[in-house]
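Asks: show me how the following folds:
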Amino acid sequence: MNKISVEVLLQTPTEEQFIELVERKGLGHPDSICDAIADSASLALCHEYKKNFGKILHHNLDKIMLVAGESHAEIGGGAVAQPMRIIFGDRATANYLNKHIDVENIVTKAAKVWLRRHLRFVNPDQHVIFQNEIKMGSPELTELFERVTVGANDTSAAVGFAPFSQTEKIVFTLENYLNSQTFKLLFPETGEDVKIMGLRRGRDLHLTVAIAFVSSLVLSHDFYFKRKKEIVSHLLQFLEPWQKQFENIKLEINTLDDPERGENGMYLTVLGISADGADSGQVGRGNRANGLITLNRPQSIEAHSGKNPFNHVGKIYSYFANHVAEKIYSEVKGVREVYVHLCSQIGKPIDRPLIASVKLLLMSEIVLDDVKEQVEKIFSVELSKILEFRETLL
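Replies: Below you'll find the predicted structure:
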């Protein structure tokens, strides 16, 4: 690896930029479902490989797609007319040392467990068709798992940053609350398909929230719009601790709604997710490794979900870059923002990236020489432990 690059960024800190946009796709968003199932399936395979062979074998399951079903939602009821379809793609080792691994059964079971655990109204045996298109990996990539030195599965770049801005913290926290047990007990008619777009203009914050309602629990037209108002009021109360950070916080829910259009003017779903009759999803279109889509920050387009945690740097570097950025920010005084870039070369050791770069926004009284040595040391120490870091992804 070349020497760790440390430089000063000459740009306006995120909190001081006039416009900031932050998005989070929630637990039941079609893209989030694909990401979660891809990771669940990969982890299930990892544990099966380790149980049988004492190590992880070649696999990548980051080509999963959810094809929306067909449903008919109506006030007080509704039905699923055509199930959703989840298509598993890409590669996984199904035979090793003359032993067969039932990849299809393992990934399907993992998907069903996740769906039952996280989506209250989805019965995977009834509402989902599973289609397996997973094939064996190429000999070259499979052979990487047999090497003594762990070679990168891809030439790939990733970026991480720290800290979150106030807008990023709010968007992240708010979606987690909307899908919490506490909120669902208060508003059981809300589904898991949530999406939040945060727009900060100066010190004014505008939150646009989409929440799928479960049609069988919506008692009437008036009930739906009454509950919407109650949810807005409740969420503004929930956000009160952040009020001092902004001059004004505005929150709107389901802005496509039109009270004059009856059932067609309400966001109703049968299963609490838009995938039951409207929106499809796929791995890689959802949140980045830090759980957000941050339009003011540099981002990698890597689909981290479903990639194996043994040697696929698209996953490992995506999480590791954020880990290092957070450590530098928390331990080095005088740093306002940290950006970490990593790039691998296929086949080369993952602990020796092609480039390891740190870009810093410093406080006005701090210069690069004040912090450079400490930053380099932190990065070097963490990089020396990256093989152990992989274990946290399991």
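
Asks: use CA for all of it now, contacts and neighbours both
Replies: OK.

Asks: tell me where the model's unsure across this structure.
Replies: Low-confidence segments of the chain, defined by pLDDT under 70: 1-2, 140-141.

Asks: what distance do you get for Ala68 to Ser40?
Replies: Using CA to CA, to the nearest Å, one gets 20 Å for the distance from Ala68 to Ser40.

Asks: show me the domain layout of this protein.
Replies: Structural domains of the chain, as assigned by automatic domain parsing, span the residue ranges 5-14+155-164+286-392, 22-26+165-282, 30-72+80-146.

Asks: what's near enough to touch Thr14?
Replies: Shown here is Thr14, whose contacts under the criterion CA atoms under 8 Å, 6 or more residues apart in numbering are 20, 165, 296.

Asks: and the spatially most central residue of the chain, which of the three is it?
Replies: Among the residues of the chain, Asn287 comes closest to the average C-alpha position under CA atoms, centre = their mean, at 3.6 Å. Secondary structure state of Asn287, per DSSP: H, G, I helix; E, B strand; the rest coil, is coil.

Asks: can you pull the contacts of Asp276?
Replies: Residues in contact with Asp276, defined by CA under 8 Å, 6+ apart, are 68-71, 80, 83-84, 269-270.

Asks: now, the residues you listed that are in strands?
Replies: When strands are assigned by DSSP state E, the members of the contacts of Asp276 inside them are 70-71, 80, 84, 269.

Asks: quick one: those as CSV, columns for neighbour count too.
Replies: Compiled in CSV, the ones in strands among the contacts of Asp276 are given as follows (neighbours: other CA atoms under 10 Å):
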residue, neighbour count
Glu70, 19
Ser71, 21
Val80, 18
Met84, 23
Thr269, 30
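
Asks: next, Arg227: secondary structure please.
Replies: Judged by three-state DSSP, the three-state class of Arg227 is helix.

Asks: neighbours around it, how many?
Replies: Look at Arg227: counted by other CA atoms under 10 Å, it has 15 neighbours.

Asks: what's the helix or strand for the nearest residue to Leu27 once chain neighbours are set aside?
Replies: When the adjacent residues along the chain are set aside, Leu27 lies closest to Glu192, with 5.9 Å between them (CA to CA, 6 or more residues apart in numbering). When secondary structure is defined by DSSP states H and E, Glu192 falls within strand 190-201.

Asks: give the pairing partners of that strand; include direction for each.
Replies: Based on DSSP bridges, the pairing partners of strand 190-201 within the sheet are strand 19-25 (antiparallel), strand 204-214 (antiparallel).

Asks: can you lay out those strands as JSON lines showing distance to Gln11 and mean neighbour count?
Replies: Formatted as JSON lines, the entries for the strands paired with strand 190-201 read as follows, by distance: least, CA to CA, whole Å; neighbours: other CA atoms under 10 Å:
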{"stretch": "strand 19-25", "distance to Gln11": "14", "mean neighbour count": "22"}
{"stretch": "strand 204-214", "distance to Gln11": "22", "mean neighbour count": "22"}
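
Asks: who wins for proximity to Ser364 among those strands?
Replies: strand 19-25 (22.5 Å; CA to CA).

Asks: chain center to the closest one: distance?
Replies: When distances are taken as CA atoms, centre = their mean, to the nearest Å, strand 19-25 is centred 14 Å away from the chain's centroid.

Asks: contacts for that strand next, please.
Replies: The set of residues that contact strand 19-25 without belonging to it, under CA under 8 Å, 6+ apart, is 14, 31-32, 167-168, 171-172, 175, 194-202, 286-287, 291-296.

Asks: and the longest helix anywhere in the chain, what's buried?
Replies: Using DSSP state H to define each element, the chain has its longest helix at helix 30-53. If you call a residue buried by 16 or more other CA atoms under 10 Å, then helix 30-53 has these buried ones: 30-46, 48-49.

Asks: the host helix or strand of Leu235 to strand 204-214, inter-axis angle?
Replies: Assigned by DSSP H and E, Leu235 falls within helix 221-238. Helix 221-238 and strand 204-214 meet at an angle of 140 degrees, taking axes from the mean of the first three to the mean of the last three CA atoms, to 10 degrees as the criterion.

Asks: for helix 221-238, buried residues please.
Replies: Applying a neighbour-count criterion of 16+ other CA under 10 Å, one finds 224-225, 228, 231-232, 235-236 buried in helix 221-238.

Asks: closest to Ser384 among those?
Replies: Relative to Ser384, and with distances defined as CA to CA, the nearest of the buried residues of helix 221-238 is Leu235, at 43.8 Å.

Asks: how much space separates the closest one from Thr167?
Replies: Distance check for Leu235 against Thr167: by CA to CA, it reads 15 Å.

Asks: again with Ala275
Replies: Using CA to CA, Ala275 is found at 28 Å from Thr167.

Asks: residues in contact with stretch 148-161?
Replies: If you take CA under 8 Å, 6+ apart as the criterion, stretch 148-161 is touched by 141, 144-145, 298-300, 302, 311-314, 317-326, 337-350.

Asks: please redo it, this time with the cut-off set to 6 Å
Replies: Residues outside stretch 148-161 that contact it (CA atoms under 6 Å, 6 or more residues apart in numbering): 144, 300, 311-312, 317-318, 321-322, 325, 338-350.

Asks: so which of these are in helices?
Replies: 317-318, 321-322, 325.

Asks: could those residues go into a markdown table alongside distance to Ser364 and neighbour count?
Replies: Supplementary listing: the ones in helices among the contacts of stretch 148-161 in a markdown table, determined by distance: CA to CA, whole Å; neighbours: other CA atoms under 10 Å:
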| residue | distance to Ser364 | neighbour count |
| --- | --- | --- |
| Tyr317 | 31 | 30 |
| Ser318 | 30 | 26 |
| Ala321 | 25 | 26 |
| Asn322 | 24 | 23 |
| Ala325 | 20 | 26 |
